[in-house]
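# Next one to model:
(one chain, ligands or ions: 1)
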Amino acid sequence: MDFNLTEQQEMFQRSVRRFVENEFPPLVDIVDKENNFPHEIRPKLAEMHLYGIPFDPKYGGTGADHVSLALALEEFAKVLASMAIHVQLQHVVLDRFNKLATEEQKQEWMPKICAGEKVGCFGFTEPDTGSNPKMIKTTAVEDADGFVINGTKRFITNAPWADVMCVFAKLEGDISLLFVETDRPGFSTSKKMDKLGLRGTDLSDVIFEDVRVPHDHLMGGKGGKFDALKDAMTIGKLCLSAQCVGLMQASLEEAIKYAMTRMHFDEPIFDLQAIHWLLAEMAAGLEASRWLVYRGAFLKDQGQDTIKDMAIIKLFVTSTAVDVCRWGMQVHGAYGISKEYKIERLFRDAKMYELLEGTSEIQRELIVKRLPR
Ligand SMILES: Cc1cc2nc3c(=O)[nH]c(=O)nc-3n(C[C@H](O)[C@H](O)[C@H](O)COP(=O)(O)OP(=O)(O)OC[C@H]3O[C@@H](n4cnc5c(N)ncnc54)[C@H](O)[C@@H]3O)c2cc1C
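Below is the predicted model of the structure:
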């Protein structure tokens, strides 16, 4: 067992940290206060090869590993988690193309997504179901020219400005996956949602009204794509858990900084035992989460079945992140709720992660189903 990062992973981590610390701070207000996505960052992310980290360079990727992907997303979220969610969604779409598209389609889409020229989105959630994808109502009906898609998807990240969408639909009664260019007639999106955290990463409905795609837009053949969804969600869970580690690291740093300067009588509050206890719990939660995430990334690199592991990681890490950010806020006293302090945004962002890629309740179900008995 070796718990050390390789030299290459450490170099990559340092270069992402430098990039993020230079580029992201001026974007915070645009993203969080104005709820807008700064598209000018896309070519810079691409130049740093941050869109296609574990994919083959022949498709525009970097050819690195999932540990490097986790390290990058952790660094992102320390400064601005919304940027990490944007990259996560690009990654999930790239992963679908990589695993299920034809060679020609990979050549067509993956380099453009890795270059930040094209944006992808990914949809299974619908107005009537998020937790049970088997209940989806969106349909794809085959005819001589291809497929006709009808239905509504909800809470779709990146949707308002995506160029391509991977969409789950019922085809002949079973779940299939298709990709759709967003400029096809009948494809539309609703107004973007004004939401609590991860602001700037636009969420909206996607409406399909008789959207036609050719036969070759069906990914991986007809039916049986519940497994493809579960696979996509394991990678999503790894990505978002890595972001929670970044949020916790930032919360701990903010809490220490504040505690060292806030005075109670003549002493900084850092010297109070009550504050020690909060900081110690924060440090313990962060450390446990970080190693769970790195191990999850390692398992992904070994090509192992990670459904149970990722459910455990997601459940533990996302709820720990909410606790750690809440404790960080507590250290700040009433200043913690002020938008003048970074901890307020970290806390709002942390809450979001308990909901996406399957709620905590669904992770518990996934874990218990796989316990030996
Ligand atoms: C920031 C953000 C980004 C997102 N991005 C995307 C995206 O890009 N693409 C996409 O498709 N979706 C996306 N989603 C949607 C997300 O995946 C769903 O919100 C999530 O799966 C939960 O679905 P729901 O909100 O419909 O909750 P519901 O399924 O309605 O659940 C409501 C409550 O009931 C509980 N519950 C439901 N079923 C069970 C059960 N069987 N056992 C125990 N408890 C249960 C849930 O845990 C929850 O507490 C995003 C969500 C967020 C918050």
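
# From here on, just use CA atoms for contacts and neighbour counts.
OK.

# surely residue 224 meets residue 175?
Yes: when contacts are counted by CA atoms under 8 Å, residue 224 is listed as touching residue 175 (6.0 Å).

# Under the pLDDT cut-off, which ranges of the stretch 151-300 of the chain? List them.
In the prediction, the stretch 151-300 of the chain carries no residues with pLDDT under 70.

# which bits of it sit near the ligand?
Contact residues, the stretch 151-300 of the chain versus the ligand (CA under 6 Å from any ligand atom): 155-157.

# I'd like the distance from the residue of the stretch 1-150 of the chain found nearest the ligand to residue 113, if you could.
Using CA to the nearest ligand atom, the closest approach of the stretch 1-150 of the chain to the ligand is made by residue 130 at 3.2 Å. According to CA to CA, to the nearest Å, residue 130 and residue 113 sit 26 Å apart.

# So those two - more neighbours on which side?
residue 113 (24 against 20; other CA atoms under 10 Å).

# For residue 208, give the beta-bridge partners.
Applying DSSP bridges to residue 208 gives these bridge partners: residue 151, residue 187.

# from what I can see it touches residue 152, true?
Yes: in this structure, residue 208 is within contact of residue 152 by CA under 8 Å, at 6.1 Å.

# Redo the residues of the stretch 151-300 of the chain next to the ligand as a markdown table? Include secondary structure.
As requested, those are exported to a markdown table (DSSP: H, G, I helix; E, B strand; the rest coil):
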| residue | secondary structure |
| --- | --- |
| 155 | strand |
| 156 | strand |
| 157 | strand |
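
# got a winner among those for most neighbours?
Among these, the one with the most neighbours (other CA under 10 Å) is residue 156, at 25 neighbours.

# mind listing the strands for the stretch 101-250 of the chain?
For the stretch 101-250 of the chain, applying DSSP state E, counting those that start in this stretch gives strands covering 120-123, 139-143, 146-157, 164-171, 174-181, 187-189, 203-214.

# Using PDB, write out every CA atom in stretch 365-373.
C-alpha atoms of stretch 365-373 as PDB (Å, rounded to 0.1, in the frame of the first residue of the first chain):
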ATOM      1  CA  GLU A 365     -30.100   2.200  -0.500                       C
ATOM      2  CA  LEU A 366     -27.300   1.400  -2.900                       C
ATOM      3  CA  ILE A 367     -24.900   0.500  -0.100                       C
ATOM      4  CA  VAL A 368     -27.300  -1.700   1.800                       C
ATOM      5  CA  LYS A 369     -28.300  -3.600  -1.300                       C
ATOM      6  CA  ARG A 370     -24.700  -4.500  -1.800                       C
ATOM      7  CA  LEU A 371     -23.800  -5.500   1.800                       C
ATOM      8  CA  PRO A 372     -22.900  -9.200   2.200                       C
ATOM      9  CA  ARG A 373     -25.600 -11.100   4.100                       C
END
